[in-house]
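Trainee: just need the structure, nothing else, for what follows:
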Amino acid sequence: MQALQSKAQTLIEALPYIQRFSGKIILIKYGGSAMEDENLKKSVIKDIALLKSIGFKPIIIHGGGKEISKWVERTGGEARFEQGLRVTDSATLEIAQMVLNNINKALVGYMAGCGVRAVGISGKDGNTFLAEKKLVNGVDIGFVGQVKQVDTTLVLRLLDNDFVPVICPISMDKDGQDYNINADDAAYALAIALKAEKLVFLSDIEGIYRNFTDKSSLITMLSTNEAKTLLESGDISGGMLPKLQNCIKAVENGVSRVHIIDGRITHCLLLEFFTDSGIGTAIVRG
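Mentor: Okay, the predicted model is just below:
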């Protein structure tokens, strides 16, 4: 009986969050271990299916970095990076397109297995992402793009017709040249264009720490003002630095809140959305 009452209390705790966010757009950047481990993958997809079933409007944007690197090496190439961005020649771009398309359609299949209608698209479809070449400190690293413009028409049409859009960030410029866009960058750009209620990053870290070596210093909620102070302190470095900068930009440009959560935790999305304590870091206005 105690176990049943505990389950009932969990549902009651979730009620105000369900009421608050039903009908709202939730954009999920899907990556890391949650996309590579089969059990975690099924857990995340079930979470998204549940969100959809109770009235949320989820959108998935995914990358495929490790899988792309594997295929580059398998075909005799070498995976090279410049400040975290993949150096992308024409052969690597072709591999990226193949890998991301396979991942995209596999995710659509997983969603269908959970009874949810999903449609897999790329940034090229409907001119969702118009790209331009991205330079790293003035250096040309190949067919790596950045988002120049977002057209939300197709994504909104899919949402209005009860589909879950599953998006890979292959895009093209105004001349029809294809580019691979970093999935994080694509997620920020689309969330801002849609004024999404939530933008969620599934990662392989628990969230943002005041001191990364001290696991007890996890920050559960940050206002944008507090986040700026944290950046100025110099305590944030590495890959978290641009991520937090972009989180601030997203919230200041219309996204209600951004979550960074550990995708290695089973049912991480439900735990973050529907419990009072959450499991990651939320960045909010103020």
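Trainee: shouldn't residue 169 be in contact with residue 181?
Mentor: Yes. Counting by Cβ atoms under 8 Å, residue 169 does reach residue 181; the two are 4.1 Å apart. C-beta here means a position set from N, CA and C on the backbone, and glycine is covered the same way.
Trainee: shared neighbours, those two?
Mentor: Here residue 169 and residue 181 have 123, 129 as joint contacts, going by Cβ atoms under 8 Å, 6 or more residues apart in numbering.
Trainee: more neighbours, those two?
Mentor: Neighbours were counted for residue 169 and for residue 181 using other Cβ atoms under 10 Å; residue 169 has more, 30 against 25.
Trainee: skipping adjacent residues, who's closest to residue 14 in space?
Mentor: Nearest non-adjacent residue to residue 14, counting by Cβ to Cβ, 6 or more residues apart in numbering: residue 274, 3.7 Å away.
Trainee: equivalent analysis for residue 23, please.
Mentor: Among residues not flanking residue 23 along the chain, residue 55 sits closest, at 5.6 Å (Cβ to Cβ, 6+ apart).
Trainee: if you tally nearby residues, what's the number for that neighbour?
Mentor: By other Cβ under 10 Å, 12 other residues sit near residue 55.
Trainee: next, it: phi, psi?
Mentor: phi 110, psi 0 (degrees, to the nearest 10).
Trainee: what comes up buried for whichever strand in the chain runs longest?
Mentor: The longest strand of the chain (DSSP state E) is strand 139-150. The neighbour-count check on strand 139-150 (16 or more other Cβ atoms under 10 Å) flags 141-147, 150 as buried.
Trainee: name the residues that touch whatever helix or strand comes next after it?
Mentor: The first helix or strand that comes after strand 139-150 along the chain, using DSSP states H and E, is helix 153-160. Residues outside helix 153-160 that contact it (Cβ under 8 Å, 6+ apart): 25, 57, 59, 119, 121, 125-126, 128, 164-165, 167, 190, 194.
Trainee: can you say which of the residues you listed are buried?
Mentor: Going by neighbour count (16+ other Cβ under 10 Å), the contacts of helix 153-160 have 25, 57, 59, 119, 121, 125, 128, 164-165, 167, 190, 194 buried.
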